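>>> With the input below, show me the fold.
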Amino acid sequence: MRIVDLLSKKSISLSASPRDKMNAIDMLIDLQAKGGKLSDKAAYKNGILAREEQGSTAIGEGIAVPHAKSNAVSAPSLAAMTVPDGVDYEALDDEPVKLLFMIAAPPNGDVHLEVLARLMTLLMDEDFRDSLIAAKDKDSFLKIIDAKEKEKYPDEPSEAPAVKKGGFRVLAVTACPTGIAHTYMAAEALEKAGAKMGISIKVETNGSGGAKNILTQEEIDNCDGIIVAADKTVEMARFNGKKVLRTKVSDGIKKPEELIDRIIDGDAPVYKHEGGSSSEKKSDNDEGFGRKLYKHLMNGVSNMLPFTVAGGIFIAIAFLIDSIGGAPQDGDFGTHLAAARWFKTVGGYAFNFMIPILAGYIGKSIADRPGLLVGMAGGAMAAAGSTFAAPGGDIPSGFLGALLAGFAGGFLMLALEKACDKLPKSLNGIKPVLIYPLGGLAIVAVMMCAVNPIMGVLNTGLSNLLTSMGDSSKILLGCILGAMMSIDMGGPFNKAAYVFGVAAIAEGSFNVMAAVMLGGMVPPIAIALATTFFRSRWNEEELKNGPVNYLMGLSFITEGAIPYAAADPARVIPSCMIGAATAGGLSMAFDCTLRAPHGGIFVFAVVGHPLLYVIALAAGSVTGMLMLALLKKKRA
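Predicted structure coming up:
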């Protein structure tokens, strides 16, 4: 669909002088009405304003393209206006807008996206933009567009890519270790980019509540390619033989258009599934060995979290009940009262799965289903402390043993699978049900009985180190953990600090987790405070989303700060780190404790020294807010 076919002379205004953004919108709507394609100007204006509320359509470089689909539009049409002196349209680059196109489209179809994509392609040429702004009359304006279209599209232009029969042109899967924020932020960014580019896309989310919007086999068979933006292992066998681009979940948030372009251009390798994660073909960004280890670890952590969180909160409730009931804080604390004993027992059942699940899903990430048995059995032996002399348990190796069981067991299972490739093909049927489980269990049992004494000593040493720390050392540790939670807001540093806090809970050191949670709560709250009290430092979109960060911060969802950090990392990240370090250090100084590894403000009732904990949170959040006010410049 050619632009000149949608743009009539009646809908063009040259050398206009709108007072502001709203006046420019009103003038463009009047031009649309003159074109005769609007049945209800007010309804169409509501659609335009609703789109503007999502973010300014002034994309920078002096261009604005307001657009809307509406029942008030009888047929697709364009309106155009030049403003040589410029108008403030709240552009992304804060520059005045000199060239405006308004798109009107009926509710059926994606004509507005097709036109938008073509306009954007043409308007990337600076000389073309300058020629339109300098046009002396409407005939010249149309001729400039017509000539550029013929130059760019010498043949009869084809329709924008449509949804393929049976599915979508591009498919995507997003997943992060916790499945709370990054997963959905990446999905939204990809969907918005696809809509903007006129590319049909469907995104499956592997969040904390399980996979949603699941890709069907028919959609997979008919798509051009799949984007897998994930920091944990996702089901890949279904993509065998398709072009798959594998990348970090943060890339889905930061550069969705680039990822979609690579799929459309065929710039992705064909995925070959051979059974285990290690055999998955690398994408062009060539994941390093360290990143693979991180993904395997995060796969274990993400599956462990529900057991840890639910079990930990139940156990914390048990201690709270005994405390309220005045029970003595002795070795049986948490089980004196009947209600406390029930919560402690049930919570213990869930919590005791933590280490086997962690090891099991690390092993599964490495060696697929055969690795699950190896990891879980090894994790259970690590939790019990099995040795050759005492297979029933002696010195538990805890988290360290679970990590060894998951990683070593997974890679040993891969080696076993490779060795079994030499067996006769007639045995293929019994490999997964007999040979792999039997051989894997024997291997991991011998390994864990051999290493448990050593890992147990290391684990005990770590626990003793935490409990024997002096006040100054604890405060320093709290500062470090708080800063780590905010340095990458859900990335490797954040997850490393969180896993350390969970491991400390398992070893009976509850003040570490208290500092860790405050470190994750401060960044969103500090940003929310700064957008409330220092509004001149933020743009309209940031101000609108600021209050949401109060809820996200209080819920211990650090990722709410990511859009702000991505927009201005040099100022936002250091400010948040200083605030989080302050909160973490104060938490340690006040000897606050936390037996639940998640929950934010909703578990403050089970915090040791809750009033001081709130003071630490407030101090860190205010410190972060003041640093943001100091470092960020006022907007003009």
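>>> Can I get the longest strand seen in the chain as CSV, trimmed to CA atoms?
In the chain, taking DSSP state E as the definition, the longest strand is strand 77-87. Listed next in CSV are the C-alpha coordinates belonging to strand 77-87 (Å, rounded to 0.1, in the frame of the first residue of the first chain):
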residue,chain,number,x,y,z
SER,A,77,-5.8,7.5,5.5
LEU,A,78,-2.9,9.8,6.3
ALA,A,79,-2.5,13.4,7.3
ALA,A,80,0.8,15.3,7.1
MET,A,81,2.1,18.6,8.5
THR,A,82,5.4,20.4,8.4
VAL,A,83,6.5,22.7,11.2
PRO,A,84,9.8,24.4,10.1
ASP,A,85,10.2,26.2,13.5
GLY,A,86,9.5,23.0,15.4
VAL,A,87,7.0,22.1,18.1
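>>> got the buried residues for that strand?
77, 78, 79, 80, 81, 82, 83, 86, 87 (16 or more other C-beta atoms under 10 Å). Where you see a C-beta, it was placed from the backbone N, CA and C, and this is true even at glycine.
>>> got the angle for the next helix-or-strand element following that strand vs strand 77-87?
Using DSSP states H and E, the helix or strand that follows strand 77-87 towards the C-terminus is strand 97-105. Between strand 97-105 and strand 77-87, the angle comes out at 160 degrees (axes from the mean of the first three to the mean of the last three C-alpha atoms, to 10 degrees).
>>> Strand 97-105 pairs with which strands, parallel or anti?
As defined by DSSP bridges, the strand partners of strand 97-105 come to strand 63-64 (parallel), strand 67-69 (parallel), strand 77-87 (antiparallel).
>>> where does residue 162 land on pLDDT?
Per-residue pLDDT puts residue 162 at 45.
>>> Likewise for the one 3 residues further on?
Per-residue confidence for residue 165 comes out at a pLDDT of 48.
>>> nearest spatial neighbour of residue 382, skipping sequence neighbours?
Using C-beta to C-beta, 6 or more residues apart in numbering and skipping residues adjacent in sequence, the residue nearest residue 382 is residue 401, 2.9 Å away.
>>> Next, the buried residues of the host helix or strand of residue 504.
Residue 504 is part of helix 492-506, with elements assigned from DSSP H and E. Residues 492, 494-506 are the ones in helix 492-506 that count as buried (16+ other C-beta under 10 Å).
>>> Check which residues of whatever helix or strand residue 612 lives in are buried.
If you go by DSSP H and E, residue 612 is part of helix 610-631. Residues of helix 610-631 classed as buried by neighbour count (16+ other C-beta under 10 Å): 612-613, 615-617, 619-629.
>>> and if you look at stretch 369-380?
By neighbour count on 16+ other C-beta under 10 Å, the buried set for stretch 369-380 is 370, 371, 372, 373, 374, 375, 376, 377, 378, 379, 380.
>>> Hmm, the second one is touching residue 416, no?
No: the criterion here is C-beta atoms under 8 Å, and residue 371 misses it with residue 416 at 10.2 Å.
>>> Touching both of those two, which residues are there?
In terms of C-beta atoms under 8 Å, 6 or more residues apart in numbering, residue 371 and residue 416 are both contacted by the residues residue 440.
>>> now what about the helix or strand residue 196 falls within, what contacts it?
Assigned by DSSP H and E, residue 196 falls within helix 182-197. Outside helix 182-197, the residues that touch it by C-beta under 8 Å, 6+ apart are 113, 116-117, 170, 172, 174-176, 200-201, 203, 205-207, 227, 229, 231, 249-250, 252-254, 256-257, 259-261, 490, 559, 562-563.
>>> now swap in stretch 619-626 and tell me
Stretch 619-626 has contacts (C-beta under 8 Å, 6+ apart) with 482, 518, 521-523, 525-527, 529-530, 533-534, 553, 575-576, 578-584, 586.
>>> following the helix holding residue 504, which helix or strand shows up next?
Using DSSP H and E, the helix or strand that follows helix 492-506 in sequence is helix 511-533.
>>> list the helices and strands that following helix packs on?
If you count contacts as 3 or more C-beta pairs under 8 Å, 6 or more residues apart in numbering; DSSP states H and E, helix 511-533 packs onto helix 471-487, helix 492-506, helix 548-554, helix 569-589, helix 610-631.
>>> Can I get the first one in PDB, CA atoms only?
Taking only C-alpha atoms (Å, rounded to 0.1, in the frame of the first residue of the first chain), the coordinates of helix 471-487 have been written out as PDB:
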ATOM      1  CA  ASP A 471      30.200  -6.700  64.100                       C
ATOM      2  CA  SER A 472      32.400  -4.800  61.700                       C
ATOM      3  CA  SER A 473      32.800  -7.800  59.400                       C
ATOM      4  CA  LYS A 474      29.100  -8.400  59.400                       C
ATOM      5  CA  ILE A 475      28.300  -4.800  58.500                       C
ATOM      6  CA  LEU A 476      30.800  -5.000  55.700                       C
ATOM      7  CA  LEU A 477      29.200  -8.200  54.500                       C
ATOM      8  CA  GLY A 478      25.800  -6.600  54.600                       C
ATOM      9  CA  CYS A 479      27.000  -3.700  52.600                       C
ATOM     10  CA  ILE A 480      28.500  -5.900  50.000                       C
ATOM     11  CA  LEU A 481      25.500  -8.200  49.700                       C
ATOM     12  CA  GLY A 482      23.100  -5.200  49.500                       C
ATOM     13  CA  ALA A 483      25.200  -3.600  46.700                       C
ATOM     14  CA  MET A 484      25.400  -6.900  44.800                       C
ATOM     15  CA  MET A 485      21.600  -7.100  44.900                       C
ATOM     16  CA  SER A 486      21.300  -3.800  43.100                       C
ATOM     17  CA  ILE A 487      24.300  -3.800  40.700                       C
END
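>>> quick one on the thing from earlier: do you know which of the helices and strands packed on helix 511-533 lies nearest residue 268?
Counting by C-beta to C-beta, residue 268 lies closest to helix 492-506 out of the helices and strands packed on helix 511-533; the figure is 24.8 Å.
>>> so for that closest one, what's the average pLDDT?
For helix 492-506, mean pLDDT rounds to 80.
>>> Run the chain-centre distance for it.
Remark: helix 492-506 is offset 19 Å from the chain centroid, using C-alpha atoms, centre = their mean, to the nearest Å.
>>> For the stretch 1-150 of the chain, which segments count as helices?
Per DSSP state H, counting those that start in this stretch, the stretch 1-150 of the chain has helices spanning 3-6, 21-34, 41-53, 111-123, 126-133, 138-152. These are given in chain order.
>>> Now do the buried residues in the second one.
It stands for helix 21-34. Using 16+ other C-beta under 10 Å as the test for burial, helix 21-34 gives 21, 24, 25, 27, 28, 29, 31, 32, 33, 34.
>>> The third one too?
For helix 41-53, a neighbour-count test (16+ other C-beta under 10 Å) marks 44, 45, 47, 48, 51, 52 as buried.
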